[in-house]
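1. From the sequence below, what's the structure:
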Amino acid sequence: MLGRLSWPRWRVPRSAPPSAGCWPRPRAGGRSSRSTSPALLALVGALAWLPADRDARAAHGAAPADAARGGLDPFGIALFASALTCAMFFLLRLDAPRWPLLAPTAALTAVLVWWQLRHPRPFIDLRMLARNRALALTYLRHGLTYLVIYCVLYGYSQWLEQGHGFSSFHAGLVMLPMSGAAALCSLAGARTKGIRAPLTVAAACLTAGSAVFLLLHGTSPLPLLLVAGALFGIPQGWPPPATKPPSTPRPPPTAWARPPGSSAPPSTSARSPRPA
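-> The predicted model follows:
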């Protein structure tokens, strides 16, 4: 199921790179709208079709004010978005660093940490991450992996245009093996039982892809360019579906769902059978 749900995630990347060549090019010193358009489309689709959330406490007869209290952390979300925005504006010009932006970034991050430790239901549960070392390492590993992948996703296409002389349309076609490999590997990852194998393959592909990138130059043959992109598509699609089921603990029977309005304890028919 996770593999089929993650499949549509790769359909847009598979069609977006070639179609991006038909979109308006950014002016000198400006930015194109192609990076913001998918986010806007996702936001419009979510507002139009996703059902509204229903708090569990309200469903069990709690007062609306009690059900809504502590359900969201808008101030924490605003602090996180503001700190991330300042950091992104700083990272946009590393050739000419805007050092004054580090001050608001550090100040907003400090206030964010203070607020998350104070809020009863924080946007980022720092205490939980401090207690759960395995989960914190999983987030760190996932973040570092996708840092490399997205650097390749956005930097490789620019190099193909500027260093190899491809048009934006042909650069998008060269990038298709990356998204195609990610889509196929997401289905394979959903059928993988263990965690060690996907992580080992992902690390090997990232290492091999980085080594291939060291060999690329302005006259590299097309097959080598395709292989370089596909090597980074495998770790993009395989480990996430494979690591989600094993890393998600099974809830206790007391946390199982009950029929609405029922006060009876949850059924134990789904428990594992006793040994004979």
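2. Only C-alpha atoms from now on, for both contacts and neighbour counts.
-> Noted.
3. List the contacts of stretch 135-149.
-> Residues from elsewhere that reach stretch 135-149, judged by Cα atoms under 8 Å, 6 or more residues apart in numbering: 129-130, 232, 235-236.
4. ok, Ser82 - contacts?
-> If a contact means Cα under 8 Å, 6+ apart, then Ser82 has 105, 108 as its contacts.
5. still on that earlier bit, greatest separation within the contacts of stretch 135-149: which pair is it?
-> Pairwise distances across the contacts of stretch 135-149 peak at 30.9 Å for Ala130 and Phe232 (criterion: Cα to Cα).
6. helices or strands next to the helix or strand containing Cys205 in the packing?
-> Assessed by DSSP states H and E, Cys205 sits inside helix 196-215. With contacts defined as 3 or more Cα pairs under 8 Å, 6 or more residues apart in numbering; DSSP states H and E, helix 196-215 has these neighbours: helix 222-237, helix 239-247.
7. what comes up buried for it?
-> Neighbour-count burial for helix 196-215 flags 198-199, 202, 205-206, 209-210, 212-213 (criterion: 16 or more other Cα atoms under 10 Å).
8. thinking again about what came up before, of the contacts of stretch 135-149, grab the buried ones for PyMOL.
-> Here is the PyMOL selection string for the buried members of the contacts of stretch 135-149, based on 16+ other Cα under 10 Å:
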select buried, resi 232+235+236
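9. nearest to His119, of the contacts of stretch 135-149?
-> Leu129 (15.0 Å).
10. Tell me which residues touch that closest one, please.
-> Remark: with contacts taken as Cα under 8 Å, 6+ apart, Leu129 is in contact with 135-136.
11. Leu79 now?
-> For Leu79, the contact set (Cα under 8 Å, 6+ apart) comprises 108-109, 111-112.
12. pLDDT value on Leu176, please?
-> Looking at Leu176, its pLDDT is 89.
13. who does whichever helix or strand it is part of touch, helix- and strand-wise?
-> Under the criterion of DSSP H and E, Leu176 resides in helix 168-190. Using 3+ Cα pairs under 8 Å, 6+ apart as the contact criterion, the elements in contact with helix 168-190 are helix 2-20, helix 133-162, helix 222-237, helix 239-247.
14. what's the angle from it to helix 196-215?
-> Taking axes from the mean of the first three to the mean of the last three Cα atoms, to 10 degrees, helix 168-190 and helix 196-215 form an angle of 160 degrees between their directions.
15. Sweet, I'm off.
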